[in-house]
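S.K.: got a predicted structure plus its sequence, pasted below:
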Amino acid sequence: MATLSRVNPLLHCIVVACGSEEGARTWLQETQSPFPLFLDTDRQLYQALGLKVSISQVWNISTICYYAEQSTAGRTLHKTVAGDDLHQMGGNLVLGPADARIRLLYRSAVPQDRPPLHAIHAAMDAQ
């Protein structure tokens with residue numbers, strides 16, 4: 001979080017997940033994320049942001065290749081936990097610090113899809 005604070009001292013990063021509490025704990029342990037994690041178990045935020053559930057977007061050729069590459073390299077992948085939805089698509093959101101208006105809403109096309117850092121930085125700098 002110190003890195004983000006240097007970019008903008010008003011910026012706070014959080015993680016929002018829609019799975020189970022056990023899945024959230026497992027993810028936090030595996031990733032060692034320093035950011036607070038909130039659960040949206042009824043997916044109200046996910047739905048309001050238009051984040052879809054999609055089998056075809058999750059299990060596409062790029063995702064299968066990613067899993068194969070990770071397995072070949074001997075890397076362990078995140079564990080799945082009962083109650084977690086592997087088909088829920090994610091995204092990235094930047095809100096304005098003073099007015100909480102959406103400055104950036106990026107809906108991932110595939111699981112490993114994220115916005116470029118310059119787009120996040122530009123959204124953080126927007127007035």
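M.R.: Happy to help now that I have it.

S.K.: which helix or strand in the chain has the lowest average pLDDT?
M.R.: helix 2-7 (a mean of 51; mean pLDDT, DSSP states H and E).

S.K.: for the helix or strand in which L28 is found, buried residues please.
M.R.: Element membership of L28, judged by DSSP states H and E, is helix 21-31. Buried residues in helix 21-31, defined by neighbour count with 16 or more other CB atoms under 10 Å: 23-24, 26-28. From N, CA and C alone the C-beta is placed, and that goes for glycine too.

S.K.: nearest to G91, of those?
M.R.: W27 (16.4 Å; CB to CB).

S.K.: isn't the closest one up against L39?
M.R.: No - using CB atoms under 8 Å, W27 is not in contact with L39, being 11.0 Å away.

S.K.: shared neighbours, these two?
M.R.: Contact criterion CB atoms under 8 Å, 6 or more residues apart in numbering; residues shared by W27 and L39: A17.

S.K.: and the gap between H87 and S20?
M.R.: From H87 across to S20, the span is 15 Å (CB to CB, to the nearest Å).

S.K.: residues contacting L45?
M.R.: L45 neighbours (CB under 8 Å, 6+ apart): V16.

S.K.: for this protein, which residues score under the pLDDT cut-off?
M.R.: Along the chain, the model assigns pLDDT under 70 to residues 1-11, 127.

S.K.: please enumerate the strands of it.
M.R.: Ranges of strands in the chain, per DSSP state E, are 15-17, 37-39, 91-95, 102-107.

S.K.: can you state the direction angle for the last one and strand 91-95?
M.R.: Angle of strand 102-107 versus strand 91-95, following axes from the mean of the first three to the mean of the last three CA atoms, to 10 degrees, is 180 degrees.

S.K.: could you say what helices and strands strand 102-107 packs with?
M.R.: strand 91-95, helix 117-125 (3 or more CB pairs under 8 Å, 6 or more residues apart in numbering; DSSP states H and E).

S.K.: most packed of these?
M.R.: Highest mean neighbour count among the helices and strands packed on strand 102-107 (mean count of other CB atoms under 10 Å): strand 91-95, with a mean of 18.

S.K.: helices or strands up against that strand?
M.R.: strand 102-107, helix 117-125.
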